[in-house]
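K.L.:
got a sequence here, can you model it:
(one chain, ligands or ions: 1)
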Amino acid sequence: MLLRIEDLDTLRCTVESADLLKEDLQWLGLDWDREMPPQRSRSAYYEEILAKLSERGEVFPCWCTRGDLKNAANAPHASDGHPIYPGTCRALSPQERAIRLRKRPGIMRLAVPDEVIGFEDGNYGRYEENLQTECGAFILRRADGVFAYQLAVVADDIDGGVTEVVRGRDLLDSTPRQLYLYRLLGAEPPRYFHVPLLTAPDGRRLSKRDEDLDVGLLRQRYRPEELLGALAFAAGQLERPEPVSAAELVKIFDRSRVGQADIAIRLPGEEA
Ligand SMILES: [Zn+2]
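P.N.:
Below you'll find the model as predicted:
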C-alpha cells in the first residue's frame, strides 16, 4: 500500500493540506507501507518520461485555445464532453512550429493511433476505447509547464512498482490512455479494479461544496469506527451499519460484494 499525494496543481494543493489529509487517514485507521515523493517534487522525472515519449515523434506542441477547439467545424466530442482534438497543430511545418515556440511554449500533446485499446477491469469487466475516434490527441503537459494527470500517474506507478490500482469509476475512461502510455514506455501495466462512487442521498455527485461531508466536521460528529461502519454497510461489506475498525474490515472485506452502481451515502443519525 503506497501513499502518494497527487498535488500537480501546486496553486490549489498546499503542503499543509497534504499533512491534514494524512492525519485524516490515520484518524480513520488507514495506514500505508511506503510513502512516495509528492508529485510537486517530481518535475525532473516527468520531464524524462516526456522526453522518452517524444522519441517516436508523436508528441507535438499545440497552441489551440479552448475556444479554438469548441469552434472547430463539426468537431466530434468524446463521451465526457471534451472536443476531440482535430489535429490542427500536428499539421504545422517544422518552421512554423519553431517560430511559434520562440513566442510561447505550447501545450504538449500525444497523437494516438486509430486502434481500440481495452482491458479487463476487476469490477466492471471489459472496457475499451478507440483512442483516435473517442478520445483524440491528449495533453501530457500544459502550456504553463504543469504535467497532466495521465502522464504523472503512469510515471509514478511505474516508478513505485505498482501492480494493482483500486480507484473510482470516474477514472475508468482514463485507463485506455494510460495503457497506451505504458505501452510506449515499455512497462507492464497494473491490474485495475474500479469502484462505484459515493453520491449524496439524492444521487447527486459529491463535490467540495458538500461541506457536511468534510472530514474535519465528520471527525467532530463521529468516532472513526462509526464512520467506517456506515461506509462498509453502504458498500455491501456489513449486514448492518455497526461500528467497525479498519483492521477488522480488512479481515472481512470481500470485493465480489462491491457492486457496480453508485452508492448514495447516508450517515448515522441522518433521516431517511
Ligand atoms: Zn493545437
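
K.L.:
next, find the distance separating Asn123 from the ion.
P.N.:
Using CB to the ion, to the nearest Å, Asn123 is found at 36 Å from the ion. C-beta coordinates here come from the backbone N, C-alpha and C atoms, glycine included.

K.L.:
what's around that residue, how many residues?
P.N.:
Neighbours of Asn123 under the rule other CB atoms under 10 Å: 17.

K.L.:
for it, give me the pLDDT.
P.N.:
The score at Asn123 is 97. That number is its pLDDT.

K.L.:
isn't it up against Leu172?
P.N.:
No: contact criterion CB atoms under 8 Å: Asn123 and Leu172 do not qualify, at 9.4 Å.

K.L.:
give me the common contacts of those two.
P.N.:
Shared contacts of Asn123 and Leu172 (CB atoms under 8 Å, 6 or more residues apart in numbering): His194.

K.L.:
can you dump the C-alpha coordinates of the helix or strand bottoming out on mean pLDDT in the chain into CSV?
P.N.:
Every helix and strand in the chain was compared by mean pLDDT, DSSP states H and E; the lowest is helix 66-71, with a mean of 81. The C-alpha trace of helix 66-71 is given here as CSV (Å, rounded to 0.1, in the frame of the first residue of the first chain):
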residue,chain,number,x,y,z
ARG,A,66,-10.3,26.0,-25.6
GLY,A,67,-12.3,28.4,-27.8
ASP,A,68,-10.5,27.2,-31.0
LEU,A,69,-11.4,23.6,-30.2
LYS,A,70,-15.0,24.4,-29.4
ASN,A,71,-15.4,26.4,-32.7
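
K.L.:
residues in contact with it?
P.N.:
With contact meaning CB under 8 Å, 6+ apart, helix 66-71 is reached by 75, 83, 85-86, 88.
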